[in-house]
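Asker: one predicted model, sequence on top.
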Amino acid sequence: MKHFSLLAFACILAAIANPAAAQRASPDEADSYVKAEMAREHIPGLALGVYREGRIVKAQGYGLSNLELDTPVKPESIFQSGSVGKQFTAAAVLMLVEEGKVGLEDSIRKYFPEAPSTWQPIQVQNLLSHTSGLAEYESDEKTKPGGPVNLRADVTEDELVKIIQTFPLDFQPGEKWTYSNTNYVLLGVLIHKVTGQFYGDFLQDRIFKPLGMTSTRIISEADIIPNRSAGYRLVKGELKNQEWVSPTFNTTADGALYFNVLDLAKWDAALYTERLLKRSSFDRMWTVMRLNDGKPNKAGYGFAWGIHEVNGHKVIEHGGAWQGFTTHIARYVDDKLSVVVLTNLDAGHSSPNKIAHHVAGLYIPALAPPELKPLEDKEPQVTALFRSVLEKVAAGKPDPEDFAPSFRAVVFPGPIREWGERLKELGQLKSLELLERKEENGQRKYAYRATFADGQMDLRLALDHENKIADLSVMPE
């Protein structure tokens, strides 16, 4: 999928910082950390971009962009964007809003008049913020053999929209927040309908060319593209080439771009200015979308960015994953420091978000992610329950009854199976240490450090009043 896996989705950290201290990291320090993390995660190749006020502090390649050709990664190396590409789609929509051609509160049936009546309450801003209730078109259930979405078949925009229109809503628009690539597929089609241009051409004309982003473009396996990297999957410890999808699904607006760390420096620089959008539009993009009850959504999500604040300092960021590539951009806007990490390894095995956050801490020590220390475990029965669930998931035998119905519907069958495969690779579960415990919104929420035979993972879970798991995720790095 063109995003973090459902169970691994996380948006993260900032801390108090002294802007004048932003270049304390030595090249060797950052290089040593990146190389060690690549070895630990078995990442073939990685590109790192560090920008200060939109200017490049570091643009460095590590490892190999293509294993078969033994080609090293360099700053010019092209990686697939995954969902980091969504921020360009969002910017394009806001350009049209500024021009009066699109309204954030417009019903999307204004642009999709043949859509079912259930779409009437869905507004453009619901698509931008993943609060529409539209089902995920890339879910295992929908892309399995015989399912409605065949990722290896070419379909037109109109045909894909007609398929999406057959899916029932997962919830009423504005009621909840759930990440769904479907939202941005529709935004790309909306741009086409309003402008008469394929959304990729609109991005070229209005964003990439004006900013001099000469290597950024829509994915194409047919075209000859200099410095293109290959994407990889780690399967039972062995690297495999990325899986193939049809050209249709490499041209949708939910994250199907090529770019490199040099072009992303130009993008980062433009976000400090009004070259593309008015400051009011950026402010809207970087404001957490509120739900119908007036509360901010649980992910701290605006329009194609996660927004968080720690100790009064703001970080806006997003990650992506697609076809054996993972990406992350973290902009510590109060400190005018941005870090971009691009890898050519699948999301189940690489953590570009973790690397980006650690590198930020090397440049500004106060931005280093805090380390949680174990607490006294006063609820051993909860820990035992969680251990049992993890062991069943790792064994490929998750029990749906362990999960609250609403969460069960989200993670079964695909995501929970994928997560089980990852846990199995980590080996036997050795210990669970409690790191955090709190009560929020009628749920008990816990954070644990799980130590396995071959690694560690920090996890969050939430239990409802019936002791059913209502949420489960990898903790922010």
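Answerer: Structure's in. What do you need? Just so it is clear, the structure is predicted and the values come from calculations on it, not from any experiment. Numbering: from 1, shown residues only.
Asker: next up, the contacts around the spatially most central residue of the chain.
Answerer: The chain has Gly319 as the residue nearest its centroid, 3.3 Å off, counting by CA atoms, centre = their mean. For Gly319, the contact set (CB atoms under 8 Å, 6 or more residues apart in numbering) comprises 3-4, 82-84, 326-329, 352-353. All C-beta spots, glycine's among them, are computed from the backbone N, C-alpha and C.
Asker: now pLDDT, distance to Thr273 and neighbour count too, for those residues, in a markdown table please.
Answerer: Shown next, in a markdown table, are the contacts of Gly319 (pLDDT from 0 to 100; distance: CB to CB, whole Å; neighbours: other CB atoms under 10 Å):
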| residue | pLDDT | distance to Thr273 | neighbour count |
| --- | --- | --- | --- |
| His3 | 50 | 28 | 26 |
| Phe4 | 42 | 29 | 24 |
| Gly82 | 96 | 26 | 28 |
| Ser83 | 96 | 24 | 25 |
| Val84 | 98 | 20 | 31 |
| Thr326 | 97 | 29 | 31 |
| Thr327 | 98 | 23 | 30 |
| His328 | 97 | 23 | 27 |
| Ile329 | 98 | 17 | 27 |
| Pro352 | 96 | 26 | 32 |
| Asn353 | 93 | 26 | 28 |
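Asker: just put these in a markdown table and tack on distance to Arg387.
Answerer: Below are these laid out as a markdown table (distance: CB to CB, whole Å):
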| residue | distance to Arg387 |
| --- | --- |
| His3 | 29 |
| Phe4 | 25 |
| Gly82 | 32 |
| Ser83 | 32 |
| Val84 | 35 |
| Thr326 | 29 |
| Thr327 | 33 |
| His328 | 30 |
| Ile329 | 35 |
| Pro352 | 29 |
| Asn353 | 26 |
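Asker: in strands, which of these fall?
Answerer: Judged by DSSP state E, the subset of those located in strands is 326-329.
Asker: can you tell me the element Leu186 falls in?
Answerer: helix 181-195 (DSSP states H and E).
Asker: same question but for Tyr33, I mixed them up
Answerer: helix 27-41.
Asker: return the set of buried residues in the helix holding Leu186.
Answerer: Within helix 181-195, the residues that qualify as buried are 181-192, 194-195, counting by 16 or more other CB atoms under 10 Å.
Asker: same for that helix, what does it pack against?
Answerer: Using 3 or more CB pairs under 8 Å, 6 or more residues apart in numbering; DSSP states H and E, the elements in contact with helix 181-195 are helix 86-98, helix 124-129, helix 157-164, helix 199-203.
Asker: could you give the angle of that helix to helix 86-98?
Answerer: 40 degrees (axes from the mean of the first three to the mean of the last three CA atoms, to 10 degrees).
Asker: just the mean pLDDT for helix 181-195, thanks.
Answerer: The predicted model gives helix 181-195 an average pLDDT of 98.
Asker: ok, residues contacting it?
Answerer: With CB under 8 Å, 6+ apart as the criterion, helix 181-195 contacts 1-3, 83, 86, 89-90, 92-93, 96, 101-102, 108, 111-112, 124, 126-128, 130, 132, 134-138, 157, 160-161, 164, 167, 197-199, 202, 252-255, 304.
Asker: now do 6 Å
Answerer: Contact with helix 181-195 is made by 2, 86, 89, 92-93, 96, 101, 111, 127, 130, 132, 134, 137-138, 157, 161, 164, 198-199, 202, 252-254, as judged by CB atoms under 6 Å, 6 or more residues apart in numbering.
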